[in-house]
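K.L.:
structure for the following, please:
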Amino acid sequence: MAKIEIKVPAAGESVTEADISGWMKKNGAIVSADEELVELETDKASMPLMAEAAGKLTITVQDGTVKVGTVIGYIDTDAAVEKQPEPVALPPKSQPTTSHATGHPSPAAAKELATKNIDPTTISGTGKDGRITKMDAQNAAMANAPVETQYLASPNTPTTPESPQYGNRNTRSEKMSRIRKTISKRLVEAQHTAALLTTFNEIDMSAVMSLRKQYKDEFKERHGVGLGFMSFFTKAASVALRDIPVVNAQVGEDEILFHDYADIGIAVSTPRGLVVPIVRNVESLSLSQIESSILSFAKRGRDGKLTPEDMDGGTFTITNGGVFGSMLSTPIVNRPQSAILGMHNIVERPVAINGEVKIRPIMYVALTYDHRIIDGSAAVTFLVKIKQLIEEPTRLLLDL
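P.N.:
Numbers count the residues shown, from 1 in each chain. A predicted model of the protein is given here:
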């Protein structure tokens with residue numbers, strides 16, 4: 001009997017185990033090649049395992065935590081895989097042909113939908129033949145929100161209690177996902193192992209907003225991507241990191257590790273929790289390339305397709321709580337990095353300019369940093385550099 005083992009694959013150097021979120025097929029089911037079998041969740045991302053060949057599925061590990069390389073099932077390729085065709089009435093030519101899987105949730109998705117009290121008929125499945133996956137179910141509540149609002153955000157996305165249950169004084173519990181547990185562990189670790197301090201500044205966004213308004217249509221037509229504020233701040237951060245390299249460094253045992261490049265993480269809020277994909281070598285990228293990278297991460301975060309490699313490394317992080325309306329915050333450093341920049345909402349405020357009071361669009365920015373290696377003067381100088389580059393974007397474009 002020919003058997004193909006189903007093993008937990010490696011998913012990055014630091015990932016040694018995964019949780020089985022749910023099997024898409026029942027034990028003993030006949031599966032087709034490239035069909036989704038099981039969904040695994042690691043510390044950094046979730047990923048489906050596909051059938052390498054057609055045959056009969058035998059599940060040896062139904063759920064729980066498993067090590068990388070563990071055999072959790074196998075496929076008997078010698079088993080009969082022929083399926084009796086079911087008589088299907090042909091739809092009118094004007095209607096598209098769908099399979100039985102279309103609009104039907106997988107077992108894991110069905111459980112998620114039932115927990116969240118979501119009608120599966122309101123969801124479009126992205127799985128094979130239109131099947132509703134667990135990620136589709138988790139994204140259902142956020143499906144209609146714009147990508148920028150969903151994902152380029154601060155770490156914690158508030159959830160709305162389900163209307164039928166809210167107010168009846170019941171309590172309920174949900175199992176904490178592996179990603180959420182990892183987030184909790186790392187945030188507490190950052191607080192306990194670093195001397196964190198936050199400093200603030202304010203930025204007049206008039207110049208960037210005017211530049212964006214003037215060129216956004218031409219920019220999108222030329223590059224196929226919108227011109228947002230994130231690319232300006234990300235590029236400005238790369239310049240400031242070059243000029244104040246200690247902000248781009250890390251604390252070692254008896255040394256400080258400096259980086260001669262800027263790999264900047266963009267905090268992305270997804271239904272499963274905060275992830276930080278990395279835009280690499282920002283110092284060598286154009287604004288359009290930065291925008292394309294961030295948009296790609298946002299879409300893949302929404303679809304659950306970010307990989308551990310997307311989030312590996314990073315020398316600095318930017319988080320944007322402004323999309324949720326945050327006025328001010330003190331973000332927590334993403335260890336082992338030494339600093340993180342927090343962006344906030346833009347509000348018209350009265351400011352004094354040349355002895356006159358004028359109304360300007362102002363953003364408060366915050367830099368949380370590890371005071372063990374970054375002095376207050378370096379942190380303030382870094383924020384002042386960001387302020388100069390954003391308030392005078394020609395400096396950014398001319399590398400001044």
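
K.L.:
adjacent strands (with direction) for the longest strand along the chain?
P.N.:
The strand spanning the most residues in the chain, taking DSSP state E as the definition, is strand 356-370. Strand 356-370 sits in its sheet next to strand 196-204 (antiparallel), strand 339-343 (antiparallel), strand 346-353 (antiparallel), going by DSSP bridges.

K.L.:
figure out which of those strands is closest to Ile183.
P.N.:
Among the strands paired with strand 356-370, strand 339-343 comes nearest to Ile183, with 14.2 Å by Cβ to Cβ. The way it works is simple: take the backbone N, C-alpha and C, and place the C-beta from them, glycine included.

K.L.:
give the closest residue to Met343 in space, chain neighbours not counted.
P.N.:
The shortest distance from Met343 to any non-neighbouring residue, by Cβ to Cβ, 6 or more residues apart in numbering, is to Asn320 (4.3 Å).

K.L.:
for that neighbour, give me the pLDDT.
P.N.:
Looking at Asn320, its pLDDT is 90.

K.L.:
ok, Trp23 next?
P.N.:
Model confidence at Trp23 (pLDDT) stands at 85.

K.L.:
thought Gln62 was touching it, still the case?
P.N.:
Yes - under the criterion of Cβ atoms under 8 Å, Trp23 makes contact with Gln62 at 7.1 Å.

K.L.:
out of those two, which sits in the busier spot?
P.N.:
Trp23 (23 against 12; other Cβ atoms under 10 Å).

K.L.:
past the longest strand of the chain, which element shows up next along the chain?
P.N.:
helix 376-391 (DSSP states H and E).

K.L.:
for this structure, what helix or strand is lowest in average pLDDT?
P.N.:
Lowest on mean pLDDT, DSSP states H and E among the helices and strands of the chain sits helix 147-151, with a mean of 41.

K.L.:
do a quick rundown of the helices in this structure.
P.N.:
For the chain, helices defined by DSSP state H occupy the ranges 107-116, 134-139, 147-151, 178-193, 206-223, 229-243, 287-303, 376-391, 393-397.

K.L.:
so which of those is nearest Ile362?
P.N.:
Taking those one by one with Cβ to Cβ, helix 206-223 is closest: 9.2 Å.

K.L.:
for the closest one, buried residues please.
P.N.:
The neighbour-count check on helix 206-223 (16 or more other Cβ atoms under 10 Å) flags Val208, Leu211, Arg212, Phe219 as buried.

K.L.:
among these, which pair sits farthest apart?
P.N.:
Most distant of the buried residues of helix 206-223, by Cβ to Cβ, are Val208 and Phe219, 12.9 Å apart.

K.L.:
what about the stretch 201-350 of the chain, any weak spots by pLDDT?
P.N.:
The model of the stretch 201-350 of the chain has pLDDT under 70 over residues 271-273.

K.L.:
for stretch 321-334, buried residues please.
P.N.:
In stretch 321-334, counting by 16+ other Cβ under 10 Å, buried: Gly321, Gly322, Val323, Ser326, Ser329, Pro331, Ile332, Val333, Asn334.

K.L.:
assess the claim that Pro336 and Glu253 are in contact.
P.N.:
No - counting by Cβ under 8 Å, Pro336 stays clear of Glu253, with 11.8 Å between them.

K.L.:
look at the two and report which has more neighbours.
P.N.:
Counted by other Cβ under 10 Å, Pro336 and Glu253 do not tie: Pro336 has more neighbours, with 16 against 4.
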